[in-house]
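Participant: next one to model:
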Amino acid sequence: MEASTGLVAGSHNPNEVVIILGHEEPKPSNLKNLDGQVCEICGDEVGLTVDGDLFVACHECGFPVCRPCYEYERREGTQLCPQCKTRYRRLKGSPRVEGDEDEEDIDDIEHEFNIEGEQNKHKHLAEAMLHGKMSYGRGPHDDGNAQCPPVEAGVRSQPVNGEFPISSYGQREQMMPPSLHKRVHPDPISEHGSEGWEEKNEGGWKKRMDDWKLQQGNLGPDDINDPDMAAIDEARQPLSRKVPIAPSKINPYRMLIVVRLVVMAFLLQYRILNPVHDAIGLWLTSIICEIWFTLSWILDQFPKWFPIDRETHLDRLSLRYEREGEPNMLSPVDIFVTTVDPMKEPPLVTANTALSILAMDYPVDKISCYVHDDGASMLTFESLSETAEFARKWVPFCKKFSIEPRAPEMYFTLKIDYLQDKVQPTFVKERRAMKREYEEFKVRINALVAKASTVPPEGWIMQDGTPWPGNNTKDRPGMIQVFLGHSGDLDAEGNELPHLVYVSRERRPAFQHHQKAGAMNALVRVSGVLTNAPFMLNLDCDHYVNNSKAVREAMCFLMDPKIGTKVCFVQFPQRFDGIDRHDRYANKNTVFFDINMKGLDGIQGPVYVGTGCIFRRKALYGYEPPKGRKRPKMGSCDCCPCFGHRKKIPKYSKHGANGEAANLQGTDDDKELLKSQINFEKFGQSAILATSTLMDQGGVPPSSSPATLLKEAIHVISCGYEDKTEWGTELGWIYGSITEDILTGFKMHCRGWRSIYCMPKRPAFKGSAPINLSDRLSQVLRWAHGSVEIFLSHHCPVWYGYKAGKLRWLQRFAYVHTTIYPFTSLPLIAYCTLPAICLLTDKFIMPPISTFASLFFIGLFISMFATSILESRWSGVGIEEWWRNEQFSIIGGVSAHLFAVVLGLLKILAKVDTDFTVTSKAAHDEEFGDLYTFKWTTLLIPPTTILIINLVGIVAGITDAINNGNQAIGLLLGKLFFSFWVIAHLYPFLKGLMGRQNRTPTIVVIWSILLASIFSLLWVKIDPFVLKTGGPNTKQCGNNC
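Facilitator: Sure, this is the predicted structure:
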């Protein structure tokens, strides 16, 4: 595929296609993962433990080592795992060695004090075991012509995949002769003093061992200081590791959660058993609300039970996959950027995102950027053309001086010392020249925007006189334009540039297009035909690459041979620019991204949040994760009186739950068998796309010409391509909700995949957030509406996915809470109104409480604040951020969430669909200027009404207390506390209403006062929740009638 001189447009009619020239995409070879339970030191079988389980020497990384090698390393060696360098712990059945005194968790009396006996028993193995490094070799009886992977000291001629050296990743069968796994140390049955032992002790076996070590580069003290051997050892280490939260931080937090749960249980019991008889309606309403809040808290809290951090090792990634003098083995990545309306999503914003992608710190031949324009705007098309030209200068400048961030708008407006760490004498001069080039680029983009403000009557005309195919945005063909490719597309310094492709799918009035989810699936298919990278990164048009090494961070998980094969996506946290210092409307959402997501990462992985996520293409194609061998698990321990038995481990299966291939990483014969069992019709009527789904390492079919690929790419984005396929149901982004991100990630987790949460020190991506109150509520309404749609569909996590049994319970809790949280708006509105009702009616939701009962209330409030403090302690989230999140959860709960529930029910019951507009991402000249802009929306009415009702209630309650004297002061304080609690949570909303001039718009005041007055008057007149009594009050008159 190469940059074309013309636009390729076409539709579902095969005759409406224009073909341009191109060249074939280079295809990386298929590097297969090798698996086996043999000792990586001596080649013997790993064997079983004394309990019959698979022997595992290192429980940190699971590096396969047999028991003799493990015991020798503990007794005579460094006592460290060859791979992760963690000290070996004493396992059951093994003797103690020096340094084991602090390991008291193994109850093994039989071998507790038998150190000397065990040493004498295995003395004949002392000089025979391999020491130190992980290596392979041949036994003394190997055929001299047998091949084995040579590793010579000082020479790095084999790529390292984390398991063993490989000479050529295309010839695995020739590299693994049967002799590879023969033992290289004496047979353990040879006793000291026997004939075999004497023969070997005379020097024969020792000489052979020395020759073998020399061949492997493992002999002599010089190899310790050999930089090449150190690099090989470093490359074999894991690319990432879990960093558990310190026990001193997480254990008190867990204990407090349990204490809070117990306190809530006792409090609910007390509330239920002590009704308020003279206000039974108020009491019953409060009880229902409190039970719902308790269940919602449990669903939200317990998925945060196992929070973890992670760290990556980018140096090891480079050592393993980017060896000097060898082909780069990093996996290709297709990057998707989506945009719809250039008026709300300015072309300059999209251009900055594309430029930051093209300038990433990643091999240029491994990057392909696809920009999908779902509005088919000629403005976006021409802006992308200008972007491609500016990229020829911007990309080499970024890579030459290693600047961050690589979005020019953010870089040139950044208020930092840009000379820090810069040593090149020409940097200042070139930076000034580049800033001038960027300003000229901005002027050209602004000219295009000004030109697009007035649409000509005859429609837009391209430069060659051809009418723009997207003049009718609702009835248009599909379009593809390759702006940058690898053939002849060089930057200003003569280096290659990544791909940059413009895509606009076909739209016809008679077809359903599924909004963003349909656009993403179109990008998956067109990229599968043109480049077919095994991994895909999706970004919103306003989320630029803030960390040029972000993709490398993700590859430390996705390309790790230990954990990578079962990872479906790596999610990065969302970070934002342009938010006011106090974050009035909780736009940063740090409680979710820094607390909830960390907790999910310790279970089955974070949820997919729509942007900043790198997917495994195979997972989006509906395949299940590979099923490797698992260690036997015990149903119960034999020492217990339950006389439990061990569970029978099911045999390895190559098929998924739907009877299709779940793992395509077996032998060639297995692959041929699996290919015949895959239903290719689910991918649609494209042979090239169906073939590309079988290419694990990416690349396009070798027999396809560039013209054929482009014609096929037009075909797969046609509006009728998805008919009679599984796109949107089992493949790609899942349809059925406007929050397609949550639904898509949920389906992957139900198939057994896990996800990873990656939080590099420098944020990977940054975007813009709507800081205006109305826009923020509209955004929350869209998210909540999508959650309601999922809850009311057959994908509801309450009952979906039980048959496969691959979704963990705490992960299901999190998904259930994600879909039911909008329904909390109903009890929340009732609970926020109760304080005002109590003040107006002189009633209360609780009877007079005793001193003992008051301890439950005090304990609940203390546990609430203590939980938040400890949560902030292990997560790093500040108390102010936590309080802002609490405030906006109430603001959104009584406004946007309520409307989301109503709209969701209308869609299900009355088939009334709702169209949501794109959130505006336009920049403002004045900093935080949009924060004070008022935009009318009906979402403002419910919280304003609640505010006014509570203020009226406070005035009425204080007036009544003054009239009745000091007897009502105690009860009044309790009512005022709850009412002020509601107002404190709605305070940011009140400031948003006032605006900069502290003036609330008239329409909001009129509506809110009207509703509050009608409600208050009716309440005083009717008193629906107060028990009606007749006759005089005997307590007042003293007469017993």
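
Participant: any weak-confidence spans in the protein?
Facilitator: 1-6, 11-36, 101-229, 231, 421, 486-488, 628-678, 914-936, 965-970, 994-1041 (pLDDT under 70).

Participant: can you give me the strands for it?
Facilitator: All strands of the chain, identified by DSSP state E, fall at 8-10, 240-244, 308-312, 333-339, 367-373, 478-484, 499-504, 535-540, 544-545, 567-571, 575-577, 613-616, 754-757, 765-768.

Participant: how many neighbours does Pro342 have?
Facilitator: Look at Pro342: counted by other Cβ atoms under 10 Å, it has 23 neighbours. No exception for glycine: its C-beta is placed from N, CA and C like everyone else's.

Participant: any chance of the strands of the chain in a markdown table, plus distance to Gly859 and mean neighbour count?
Facilitator: Shown next, in a markdown table, are the strands of the chain (distance: least, Cβ to Cβ, whole Å; neighbours: other Cβ atoms under 10 Å):
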| stretch | distance to Gly859 | mean neighbour count |
| --- | --- | --- |
| strand 8-10 | 68 | 22 |
| strand 240-244 | 29 | 14 |
| strand 308-312 | 30 | 17 |
| strand 333-339 | 49 | 26 |
| strand 367-373 | 54 | 26 |
| strand 478-484 | 63 | 25 |
| strand 499-504 | 58 | 26 |
| strand 535-540 | 44 | 25 |
| strand 544-545 | 48 | 29 |
| strand 567-571 | 37 | 26 |
| strand 575-577 | 37 | 18 |
| strand 613-616 | 41 | 26 |
| strand 754-757 | 33 | 24 |
| strand 765-768 | 42 | 22 |
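
Participant: could I get the ones you listed as a markdown table with distance to Ile742?
Facilitator: Below are those laid out as a markdown table (distance: least, Cβ to Cβ, whole Å):
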| stretch | distance to Ile742 |
| --- | --- |
| strand 8-10 | 34 |
| strand 240-244 | 25 |
| strand 308-312 | 22 |
| strand 333-339 | 17 |
| strand 367-373 | 21 |
| strand 478-484 | 28 |
| strand 499-504 | 25 |
| strand 535-540 | 14 |
| strand 544-545 | 24 |
| strand 567-571 | 12 |
| strand 575-577 | 20 |
| strand 613-616 | 12 |
| strand 754-757 | 12 |
| strand 765-768 | 18 |
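
Participant: tell me which of those strands sits nearest to Gly325.
Facilitator: Gly325 sits nearest to strand 367-373 of all these, at 22.3 Å, using Cβ to Cβ.

Participant: what angle sits between that closest one and strand 478-484?
Facilitator: What separates the directions of strand 367-373 and strand 478-484 is an angle of 140 degrees, with axes from the mean of the first three to the mean of the last three Cα atoms, to 10 degrees.

Participant: point out the other helices and strands that strand 367-373 packs with.
Facilitator: strand 333-339, helix 347-358, helix 378-401, strand 499-504, helix 515-530 (3 or more Cβ pairs under 8 Å, 6 or more residues apart in numbering; DSSP states H and E).

Participant: so which of those is nearest Arg90?
Facilitator: strand 333-339 (44.2 Å).

Participant: now do the same contact list for the closest residue to Ser755 other than its chain neighbours.
Facilitator: Using Cβ to Cβ, 6 or more residues apart in numbering and skipping residues adjacent in sequence, the residue nearest Ser755 is Gly605, 2.9 Å away. Going by Cβ atoms under 8 Å, 6 or more residues apart in numbering, Gly605 touches 567-568, 571, 749, 753-757, 811.

Participant: how close does the closest residue to Thr725 other than its chain neighbours get to Leu523?
Facilitator: Nearest-residue entry for Thr725: Gly684, 4.6 Å, with adjacent residues in sequence omitted and distances by Cβ to Cβ, 6+ apart. Distance, Gly684 to Leu523, using Cβ to Cβ, to the nearest Å: 15 Å.

Participant: pick out whichever of these two has more residues nearby.
Facilitator: Per other Cβ under 10 Å, whichever of Gly684 and Leu523 has more neighbours is Leu523, with 26 against 22.

Participant: show me what contacts the more buried one?
Facilitator: 334, 336, 338, 370, 372, 503 are the contacts of Leu523 under Cβ under 8 Å, 6+ apart.

Participant: for the residues you listed, work out which two are farthest apart.
Facilitator: Across the contacts of Leu523 (Cβ to Cβ), the longest gap, 13.2 Å, separates Asp334 and Thr338.
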